[in-house]
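>>> Sharing a model prediction with you, sequence too.
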Amino acid sequence: MIRRMAVLLLLATSAAGQSVPRTPQTFEELSSMARQAYEADRTEEAFELYSRAVKLRPGWSQGWWAVGMIEYQRDRYPECRDALTRMVKLDPSAAPGFALLGLCEFRTKQYDAAFQHLKKAHMLVPITQPGGPLLDIADYHLALLLNQQGAFEVAQEILMRVARKVHNNPEMMFAAGLPALRMPILPSDIPANQRDIVTMAGKAFWDLATQSPEEAEGDLRALVLKYPKFPNVHYFYGTYLAARYPEQCVPEFLQELSISPDSVPARVQLSLRYVLEDKLDLALKSAREAVALSPDSVGAQLALAKALRAQGDNQGALAAFLAAERLDPVSPAIRLYIVNAYRALDRIEDMRRETSEYERLKAEQGTWP
């Protein structure tokens, strides 16, 4: 009996000496354990701990980032969006936060909000300090939305940067065919019977950024040969020639007009080329036709302004530059054109005012194309 009681006492004493796992209570405990769980790939545990931690400290931006990232990995995009909305309010300089928020909104088809947040992410990253894979993916989706809006040139410029960093991505390469062909749709909306031409145009565009000029030119020639009547194929090839062999580009733009008689971009390109060739009457004719077809086209107004200025009509050029400025009031480049127009007219005070606006917008726009 005494022996049995001694054994029981020993067991009780031993048990009393063992520590029972304690549920973390403080923010420091929760955040530390959450980080450890996430690093150990215990996602569900990490999510539960991070969620508790941000309830204790709602101002912890990194906690909201972690919650949002886990939700994104689980394809829970509305929940990710809500967490990242909290995060960017706490840290409005966090490019990754805006990038992931925009990607979530893209997934939930909130395209207007996605565009604003993806653009914000893009503008927060200095050109000299390019972001990592997340920001490359964000820029790709930003380009998709720009293309959907009809901002084809800006979409192409951003995709060029992405291509030079990513190099090999079939999905991105395919989608690059849309701005190359000036098709204002998302990749998911491409008709089945147009996927081949978009694929070919996308490869040509991608190779312009990542491969030798000879390979890219071969892609373009193959595209023109197979689809000579498809809208904007000749325009795409013409813009390539304008940059590399400018004396050969005019026939391609004229060919585009035979296929798409109302093409404003082809007329703009012709006008700009005619100015360089000192064919000023043709330049002005093409520019006026472009403006008549699309008065709200910034490119058409700029082409008209440049043609008028080349003819010595500085007052007419200024009016066209101001029309372009009204259409795109945040463009530093347009303000610089206006500065030079005022200088030509000897309007010094106006020139100084526009110079200040140019410098302000240049600082504000930062990395925006």
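Received it, and whenever you're ready, just let me know what you need.

>>> And the residue positioned nearest the centre of the chain, what's its pLDDT?
Of all residues in the chain, the one closest to the mean position by C-alpha atoms, centre = their mean is residue 142, 3.2 Å from it. Note on residue 142: pLDDT of 98.

>>> again with the one 10 residues further on
As predicted, residue 152 sits at a pLDDT of 98.

>>> hang on, the residue nearest to the centre of the chain packs against residue 118?
Yes. Taking contacts as C-beta atoms under 8 Å, residue 142 lies within contact range of residue 118: 4.0 Å. (Glycine included, C-beta is placed from N, CA and C.)

>>> Pull up the overlap in contacts between those two.
residue 102 (C-beta atoms under 8 Å, 6 or more residues apart in numbering).

>>> ok, now which ones touch the residue nearest to the centre of the chain?
102, 115, 118-119, 121-122, 158.

>>> Next step: those residues restricted to helices.
Mapping the contacts of residue 142 onto helices (DSSP state H) picks out 102, 115, 118-119, 121-122, 158.

>>> who wins for most neighbours among the residues you listed?
residue 118 (31 neighbours; other C-beta atoms under 10 Å).

>>> Any figure for the gap between it and residue 99?
7 Å (C-beta to C-beta, to the nearest Å).

>>> Now for the two: what residues contact both?
In contact with both residue 118 and residue 99: residue 138, using C-beta under 8 Å, 6+ apart.

>>> right, and the secondary structure at the residue nearest to the centre of the chain would be what?
Classification of residue 142 by DSSP: H, G, I helix; E, B strand; the rest coil places it in helix.

>>> where does the stretch 1-150 of the chain dip in pLDDT?
1-24 (pLDDT under 70).

>>> Now do the helices in it.
With DSSP state H, counting those that start in this stretch as the criterion, the stretch 1-150 of the chain has helices at 2-17, 27-39, 43-56, 61-73, 77-90, 95-107, 111-124, 133-149.

>>> so of the ones you listed, which one's packed in deepest?
Comparing the helices of the stretch 1-150 of the chain by mean neighbour count (mean count of other C-beta atoms under 10 Å), helix 95-107 comes out on top with a mean of 25.

>>> Which elements pack onto that one?
Helices and strands touching helix 95-107, by 3 or more C-beta pairs under 8 Å, 6 or more residues apart in numbering; DSSP states H and E, are helix 61-73, helix 77-90, helix 111-124, helix 133-149.

>>> Could you dump the ones you listed into JSON lines with distance to residue 285 added?
JSON lines is the format used below for these (distance: least, C-beta to C-beta, whole Å):
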{"stretch": "helix 61-73", "distance to residue 285": "53"}
{"stretch": "helix 77-90", "distance to residue 285": "50"}
{"stretch": "helix 111-124", "distance to residue 285": "36"}
{"stretch": "helix 133-149", "distance to residue 285": "29"}
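
>>> which one of the contacts of residue 142 is nearest residue 212?
Among the contacts of residue 142, residue 158 lies closest to residue 212 (C-beta to C-beta), at 22.6 Å.

>>> How about that closest one, nearest residue that isn't a chain neighbour?
residue 143 (4.4 Å; C-beta to C-beta, 6 or more residues apart in numbering).

>>> Check residue 145 too.
Per C-beta to C-beta, 6+ apart, closest to residue 145 is residue 115, 4.6 Å.

>>> Next one: the one you found from residue 43, what distance?
Using C-beta to C-beta, residue 115 is found at 30 Å from residue 43.

>>> these two touch, right, the residue nearest to residue 145 and residue 144?
No. Under the criterion of C-beta under 8 Å, residue 115 lies out of contact with residue 144, with a separation of 9.7 Å.

>>> Flag every buried residue along the helix or strand containing residue 343.
Element membership for residue 343 (DSSP states H and E) is helix 332-344. Neighbour counts using 16 or more other C-beta atoms under 10 Å place 332, 334-342 of helix 332-344 among the buried residues.

>>> now swap in stretch 258-272 and tell me
Within stretch 258-272, the residues scored as buried using 16+ other C-beta under 10 Å are 259-260, 263-272.

>>> Filter the residues you listed down to just the ones in strands.
Assigned to strands by DSSP state E, none of the buried residues of stretch 258-272 qualify.

>>> quick one: residue 82 and residue 67, what's the gap?
Between residue 82 and residue 67 the distance, using C-beta to C-beta, works out to 9 Å.
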